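[1] quick one: sequence plus predicted model below, questions after.
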Amino acid sequence: MTTAFELWSHLGSVAAGLMFAWALFKQYFPPQLRAYIEGYAHKAIGHAYPYIQITFPEISGERLERCEAYSAIQNYLSASASARATRLKAESVKDSKSLVLSMDENEEVVDEFEGVKVWWSSSVAVSRISMFSLQPPPEDRRLYRLTFHRSHRELITGSYIKYVLVKGKAVAAENRQRKLFTNNPSSNWYYYKASKWSHVAFEHPATFDTLAMEPNKKSEIMNDLLKFRRGKEYYERIGKAWKRGYLLYGPPGTGKSTMIAAMANFLNYDVYDLELTTVKDNTELRKLLIETSAKSIIVIEDIDCSLDLTGQRKTKKRKKDDDEEKADAVKRMAKGGEESKDSKVTLSGLLNFIDGLWSACGGERIIVFTTNFVERLDPALIRRGRMDKHIEMSYCCFESFKVLAWNYLGVESHPLFATVRRLLAETKMTPADVAENLMPKSDDENEEACLEGLIEALQKAKEDARKKSEEEEEEKAAAAGEAEATAARAMTWEEGQLKLSGMKENAMH
Ligand SMILES: Nc1ncnc2c1ncn2[C@@H]1O[C@H](COP(=O)(O)OP(=O)(O)OP(=O)(O)O)[C@@H](O)[C@H]1O
């Protein structure tokens, strides 16, 4: 006879065996097979299966881009997996196997929403191949399966899925690989080929943190950009196209291009670098601009030397020095390869581009012009409303220097800072030159050596500026003396003429 104790121990072993089998089942069975077996078991005992499953298939081929739900879920799950990995790392969990960054086939991820647990699994639906079909075999379809208890149906189908899609799309927008577009020159050789955009990945590391600029000015620009990005409804309400123009002006090396990169990184926008000299005419310009996408910054660098947009002013006001003209030509050659004499883009074409009707065909665009000579631009081109914000990029001030010292040397303060501050107030040096002097030239050069190098360069710049201004003074004085001498000579000549006419008169009488 079996004693009660033996019975209990048998029951215990059976329970332990069942639990072990259940653990194995949970661990090693693919979730969908498990769900199928569980469902079947529930049916067999006349019990409703308490879990609901929803599948989100990937739509392959051409329609892949349209399968937003699938990719949003993918982004959401990989983001929450990497967040989990970071958290685990922070908690210094040594088990590297638990660092899940993306979901493998048949893997299960547990998520929690408002205290409710849900299970995500991924799997591949293998397509059936028909032996007699001449068509290429269909691709296997991947899918995500969401499992949750039926008591939470409302919450999951009402809020959770919406939440996952919104989060997933936000992650996608954040991780989007931004692009730098440039327009290729149109060619007339053999047959006409219009200028087209081509792109590479935009990977400029500049940010507003690394940009050397007065802090107040910097935060003003950042606020302006944020306001613009959030301004969809505002622009709609006031009936204006959702675009904003920035004019960046200042001497070379003051960070105009760096600022554009920082803006793009800050807003997460693409950059279209428009080389006007290679655009054939206004029609081509319009076509190029219509092809730009929303969430982008359209840049025309060195607008003053891009095209002769200032012809009117040039004849009225002044002619450029020969030297400046040559320098511009060299710049144009360096940028475009050859001077575009064929380009028929006109000022009015450019103005149409900035605020013509077509620019309202798509929103969220920022237009940036840069120039080293703001005074050369036609006022119509840069009037407020077209170029809404004029930003002067200037020589390095002490605040900008501190940013550069942190970027290049990792120092926030140093006894030599006081000397640098005094010298920066006394002389003009661009952030590019300051940065160049701060950059260690070898592994042996420490921050002190770099700062001393900068001080030396600043002292030399100050001395050069002093000599230059003395020379200019001397030149001015010499020019003034020359003018006086000429005036005196003219007087003498006039007096001589008078004398001569007097003598003639006397002789007549
Ligand atoms: N304000 C700044 N902040 C940080 N780095 C700067 C700044 N200005 C210049 N630099 C450094 O100097 C280099 C040249 O600067 P950048 O090309 O932005 O100047 P720029 O004003 O656009 O010159 P250009 O008018 O000749 O095109 C950059 O690569 C950057 O390293």
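    Cool, the structure landed.
[2] can we go C-alpha only for contacts and neighbour counts from here?
    Will do.
[3] part of a helix, is residue 145?
    No. Using DSSP: H, G, I helix; E, B strand; the rest coil, the secondary structure at residue 145 is strand, not a helix.
[4] give the full set of residues in contact with it.
    Contacts for residue 145 (CA atoms under 8 Å, 6 or more residues apart in numbering) come out as 53, 54, 55, 56, 120, 121, 122, 123.
[5] just checking, what packs against the one helix or strand the fifth one maps to?
    Residue 120 belongs to strand 116-125 when assigned by DSSP states H and E. In terms of contacts (3 or more CA pairs under 8 Å, 6 or more residues apart in numbering; DSSP states H and E), strand 116-125 is packed against strand 108-113, strand 141-149.
[6] next, the angle strand 108-113 makes with it.
    Computed by axes from the mean of the first three to the mean of the last three CA atoms, to 10 degrees, the angle separating strand 116-125 from strand 108-113 equals 150 degrees.
[7] report the rounded mean pLDDT for strand 116-125.
    Strand 116-125 carries an average pLDDT of 83.
[8] just stretch 182-189 next, same as before
    pLDDT averaged over stretch 182-189 gives 74.
[9] angle of the strand holding residue 120 against strand 141-149?
    Here strand 116-125 runs at an angle of 160 degrees relative to strand 141-149 (the same axes, to 10 degrees).
[10] in terms of secondary structure, what does the helix or strand residue 479 falls within contact?
    Secondary structure from DSSP H and E places residue 479 in helix 447-508. Where contact means 3+ CA pairs under 8 Å, 6+ apart, helix 447-508 is packed against helix 417-426, helix 431-438.
[11] for the shortest one, packing partners?
    Using 3+ CA pairs under 8 Å, 6+ apart as the contact criterion, the elements in contact with helix 431-438 are helix 398-409, helix 447-508.
[12] helix 447-508 and that helix, what's the angle between them?
    Using the same axes, to 10 degrees: helix 431-438 against helix 447-508 is 140 degrees.
[13] and helix 431-438, C-alpha only, in CSV?
    Taking C-alpha atoms only, helix 431-438 is exported to CSV below (Å, rounded to 0.1, in the frame of the first residue of the first chain):
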residue,chain,number,x,y,z
PRO,A,431,37.7,81.5,-35.0
ALA,A,432,39.3,79.4,-37.8
ASP,A,433,42.8,80.9,-37.0
VAL,A,434,42.3,80.5,-33.2
ALA,A,435,41.2,76.9,-33.8
GLU,A,436,44.3,76.2,-35.9
ASN,A,437,46.6,77.6,-33.2
LEU,A,438,44.9,75.6,-30.5
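[14] do I have it right that residue 353 meets residue 289?
    Yes. With contact defined as CA atoms under 8 Å, residue 353 reaches residue 289; the gap is 7.5 Å.
[15] buried residues in the strand holding residue 120, which are they?
    For strand 116-125, a neighbour-count test (16 or more other CA atoms under 10 Å) marks 118, 119, 120, 121, 122, 123 as buried.
[16] who touches the most centrally placed residue in the chain in this structure?
    The residue lying closest to the centre of the chain (CA atoms, centre = their mean) is residue 264, at 2.1 Å. Counting by CA under 8 Å, 6+ apart, residue 264 makes contact with 270, 271, 296, 297.
[17] one more time with 7 Å, if that's ok
    Residues in contact with residue 264, defined by CA atoms under 7 Å, 6 or more residues apart in numbering, are 270, 271, 297.
[18] what would the residues you listed look like in CSV with neighbour count, distance to residue 228 and secondary structure?
    Formatted as CSV, those follow (neighbours: other CA atoms under 10 Å; distance: CA to CA, whole Å; DSSP: H, G, I helix; E, B strand; the rest coil):
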residue, neighbour count, distance to residue 228, secondary structure
270, 26, 16, strand
271, 28, 16, strand
297, 28, 12, strand
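[19] now render the residues you listed as a markdown table, adding pLDDT.
    What follows is these, written out as a markdown table (pLDDT from 0 to 100):
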| residue | pLDDT |
| --- | --- |
| 270 | 93 |
| 271 | 95 |
| 297 | 95 |
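[20] and those residues as a markdown table, adding distance to residue 468?
    As requested, the contacts of residue 264 are exported to a markdown table (distance: CA to CA, whole Å):
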| residue | distance to residue 468 |
| --- | --- |
| 270 | 43 |
| 271 | 40 |
| 297 | 40 |
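[21] from these, pick the one nearest residue 278.
    residue 271 (17.7 Å; CA to CA).
[22] quick one: the strands in the chain?
    51-57, 108-113, 116-125, 141-149, 179-183, 197-201, 243-249, 270-273, 296-300, 365-371, 389-392 (DSSP state E).
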